[in-house]
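**Q** predicted model, plus sequence, below.
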Amino acid sequence: MLKIKRLFEGKPVIITITTEMDETEDLTSNPANKQHLFESIASESIVSFTPEEFLQHTDELLRKK
């Protein structure tokens, strides 16, 4: 709990409580759809990078626009 407090220190936090299904719950509520989604995710290539590489890449992408 302290880590969360520190993470958002000085920032407004809004907590929403709802009984409605969120989009992820809705998409994964059907077993066949859930399996299809997981297979699609698993077929994507894995990309890893350092925070510095991420910033450099995003800076380059923003300059192209």
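**A** Thanks, I have the structure now. Numbering: from 1, shown residues only.
**Q** residue 34 reaches residue 26, doesn't it?
**A** No - contact criterion Cβ atoms under 8 Å: residue 34 and residue 26 do not qualify, at 10.7 Å. (Each C-beta comes from the backbone N, C-alpha and C, glycine too.)
**Q** check which helix or strand covers the residue positioned nearest the centre of the chain.
**A** Residue closest to the average C-alpha location in the chain (Cα atoms, centre = their mean): residue 24, at 11.4 Å. Taking DSSP states H and E as the definition, one finds residue 24 inside helix 23-28.
**Q** after that helix comes which helix or strand?
**A** helix 31-43.
**Q** which other helices and strands does that following helix contact?
**A** helix 23-28 (3 or more Cβ pairs under 8 Å, 6 or more residues apart in numbering; DSSP states H and E).
**Q** and residue 10, what's its pLDDT?
**A** At residue 10, the predicted lDDT confidence score is 90.
**Q** ok, it - contacts?
**A** Contacts for residue 10 (Cβ atoms under 8 Å, 6 or more residues apart in numbering) come out as none.
**Q** cool, and residue 15?
**A** No contacts exist for residue 15 under Cβ under 8 Å, 6+ apart.
**Q** gap between it and residue 8?
**A** 11 Å (Cβ to Cβ, to the nearest Å).
**Q** ok so, going back, against residue 60, how distant is the residue nearest to the centre of the chain?
**A** From residue 24 to residue 60 the distance is 31 Å (Cβ to Cβ).
**Q** now do residue 35
**A** Distance from residue 35 to residue 60, by Cβ to Cβ: 37 Å.
**Q** same check on residue 22?
**A** 34 Å.
**Q** same question, residue 31
**A** Taking Cβ to Cβ, one finds residue 31 at 42 Å from residue 60.
**Q** what do you get for residue 53?
**A** 11 Å.
**Q** now do residue 44
**A** 22 Å.
**Q** do residue 7 as well
**A** Residue 7 is 29 Å from residue 60, by Cβ to Cβ.
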